[in-house]
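Visitor: sequence first, predicted model second:
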Amino acid sequence: AQSVTQLGSHVSVSEGALVLLRCNYSSSVPPYLFWYVQYPNQGLQLLLKYTTGATLVKGINGFEAEFKKSETSFHLTKPSAHMSDAAEYFCAVCYSGGSNYKLTFGKGTLLTVNP
Amino acid sequence: ETGVTQSPTHLIKTRGQQVTLRCSSQSGHNTVSWYQQALGQGPQFIFQYYREEENGRGNFPPRFSGLQFPNYSSELNVNALELDDSALYLCASSKRTSGSTDTQYFGPGTRLTVL
């Protein structure tokens, strides 16, 4: 079975500081990995995804994530936080060989950006 | 290009009632997945529809059922509502083609409250 663990349910940073949101996954087969962002009272917006190939993935709004197979991790980073980055972030995994590509999500990390 | 839309936005029902939620998929997408997001949790996979048939189901009882129509829109039906069914219900559409990854794009969700 696949699972996702997001370390830290709440991360607080100052504007301009580095953002690091942690995600570890468990999967018995090569995973596809995703980061989604959810603003209050809205649905999920795709930030970035890893399927195959280059392990450093760049997404929207200056975010990037690196797939590290040896550490089973897919941490999300952004060099300089903006106030507009305040939201909840979800890491998700699906089986690369699955027939329905169902997403398994972590519990989310709420990012607060302080002025 | 029209994104994923869901209706209604909010809904209040009483225990034991039945509810139908609707989703219109993004243009060009042929697959619809439904997720339940309880307060403070990550989304959980309910089921997925492809070619008007259920194609994978999560750990949800049979009182959760769905339909997909020839235009790829979808409905989620929940019978005999329980208090724990109160949640944000998210619809996600994707395009399935042979050998490709089905990145899922989410709608804004329907907030269901069961009293």
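Guide: Yes, it's here.
Visitor: who touches the residue nearest to A:N114 when sequence neighbours are not counted in this structure?
Guide: Nearest residue to A:N114, sequence neighbours excluded (CB to CB, 6 or more residues apart in numbering or on different chains): A:S14, at 5.1 Å. All C-beta spots, glycine's among them, are computed from the backbone N, C-alpha and C. A:S14 makes contact with A:A81, A:V113, A:N114, A:P115 under the criterion CB atoms under 8 Å, 6 or more residues apart in numbering or on different chains.
Visitor: if any of those residues are buried, put those into a PyMOL selection.
Guide: Selection command for PyMOL covering only the buried members of these, criterion 16 or more other CB atoms under 10 Å in any protein chain shown:
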select buried, chain A and resi 81+113
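Visitor: count of neighbours near B:E53?
Guide: Other residues near B:E53 number 8, with proximity taken as other CB atoms under 10 Å in any protein chain shown.
Visitor: how close does it get to B:Q36?
Guide: As judged by CB to CB, to the nearest Å, B:E53 and B:Q36 stand 21 Å apart.
Visitor: what residues are bridge-paired with residue 78?
Guide: No chain specified, so I'll use chain A. A:K78 has these beta-bridge partners by DSSP bridges: A:V19.
Visitor: to clarify, I was referring to chain B.
Guide: Judged by DSSP bridges, the bridge partners of B:V78 are B:V19, B:F64.
Visitor: list the contacts for the nearest residue to A:P40 once chain neighbours are set aside?
Guide: Once flanking residues are discounted, A:P40 sits nearest to A:A87: 7.6 Å by CB to CB, 6+ apart. A:A87 makes contact with A:V37, A:Q38, A:Y39, A:P40, A:L110, A:L111, according to CB under 8 Å, 6+ apart.
Visitor: look up how far chain B lies from the fourth one.
Guide: It stands for A:P40. Applying CB to the nearest CB, to the nearest Å, the value for A:P40 to chain B is 11 Å.
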